[in-house]
Every structure is written in C-alpha cells, then in structure tokens.
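J.: Make a model of this:
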Amino acid sequence: MFYTHLNLNCNPISSSFKFPTLESASKSPLQYRPKDWIFDNGDIHWSIWKYRCDEILSKEILYWISLLELVPAHCLLFHAPPKSTLVAHLDGGGMDAWALNWALGDSVRMSWYNTVEPPTKERAYRVEELIGEYDSTLLGNPSLVKIGIPHGAYNNSDSQAWLLSLRFKTNIPFEQAVLELS
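T.: Presented below is the predicted three-dimensional model:
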C-alpha cells in the first residue's frame, strides 16, 4: 500500500494565510529546477515553499492533529503549473516515511516507481532510472502517502494546482499512521 485517502472534510488552510505570488517562485529556497533531469514539458517546473505548520494550517486541522498526539514538523506548499510534472524523487526518512497530502483545487496525480537501483537516500531520478510504476492515484481529499519510495506528481489539467504536504516529527510506521488517522 502506497497511499490511503482520508474522509476529512475541512479546509486545511488557515483563513489568514496568503498564498505566495508566483513571482516569488524564483526566490523560493526550495525551488526544484534541475537542468539535467527530464520534465514532460521542458522548463515547466513546480515551485516549493516551506512553512511552519502554525503559519499555514487551519485551527481545525491543528486541533485534529493534537487529538491524535502526532507532532507536526512543517508543511510544504507546491505550486503546479498546468500540464506539469514534479520529477520522480525520494524524500528522506526511510522506506516507511509518509506525509499527509491535500490537492487544493484541481486534482493532482501521484505515482510511485520501481527504480534500477534500490532507493537509499534523498534524491531525484532521471527517466531512464525508472523501470515501472507500482501504483498511482488522484489526490483530492487528504491522503496519507508514502514518501520514502520513489514518487512523482503530475498536474495534467489546463489550470494551475496547489498541493499541501504536511510532514510529521512523529516516527510511526505508515500502516500505523493509516490506522490512527483513518
């Protein structure tokens, strides 16, 4: 299992949060634009901003997390231009690492891959290093997703999309997270 969708019907974004301007994307310290990796549409890239959880999350989501006794680490906010790809990559934290992701607006497709060499450290992958897709899902409602396995994301729509990824300090196995958050 690489993901599970949750039945959580509330806006994860604080009413006081202001989305970054796309002009600020060039100043984003986490902007991910490797020149030698292959993207579906040439120079189209995703921008990434890192926030403290209390800067971006709604009070309802922060309260819900506190009830679960999970310790949030930070949030990543991704901007996906129309018809764009976030290169396949591996986040740190080991094979069982996970995050809670929300697609804000149009749905975003997330896929997990098998690779030529076993995944061992945080990195991005060239297309020729991917040898097959394990699984794929559309993210709409919040979803628990494995991030310790090579994965990528796609915005196939004609409009921009935003994706919120909540990362935790709490180190519990993915299957336990599914049980506790479902």
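J.: drop to CA atoms for contacts and neighbour counts, all remaining ones
T.: Noted.
J.: Which element is encountered next along the chain beyond the lowest-mean-pLDDT helix or strand in the chain?
T.: The weakest-scoring helix or strand in the chain, judged by mean pLDDT, DSSP states H and E, is strand 123-124 (a mean of 80). Elements were assigned by DSSP states H and E; along the chain past strand 123-124, the next helix or strand is strand 130-139.
J.: on contacts alone, who are the packing partners of that following strand?
T.: Helices and strands touching strand 130-139, as assessed by 3 or more Cα pairs under 8 Å, 6 or more residues apart in numbering; DSSP states H and E, comprise strand 98-104, strand 108-115.
J.: how about 7 Å then?
T.: In terms of contact count using 3 or more Cα pairs under 7 Å, 6 or more residues apart in numbering; DSSP states H and E, strand 130-139 is assigned the packing partners strand 108-115.
J.: could you turn the strand it packs on into PDB, dropping everything but the C-alphas?
T.: The C-alpha trace of strand 108-115 is given here as PDB (Å, rounded to 0.1, in the frame of the first residue of the first chain):
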ATOM      1  CA  VAL A 108      -3.000  16.100  -8.800                       C
ATOM      2  CA  ARG A 109      -1.900  12.500  -9.800                       C
ATOM      3  CA  MET A 110       0.800  10.900  -7.600                       C
ATOM      4  CA  SER A 111       2.700   7.900  -8.800                       C
ATOM      5  CA  TRP A 112       5.200   5.500  -7.100                       C
ATOM      6  CA  TYR A 113       8.100   3.800  -9.100                       C
ATOM      7  CA  ASN A 114      10.400   0.900  -9.200                       C
ATOM      8  CA  THR A 115      14.000   2.000  -9.900                       C
END
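J.: Sheet partners, orientation included, of it?
T.: strand 130-139 (antiparallel), strand 151-155 (antiparallel) (DSSP bridges).
J.: Nothing else from me, thank you.
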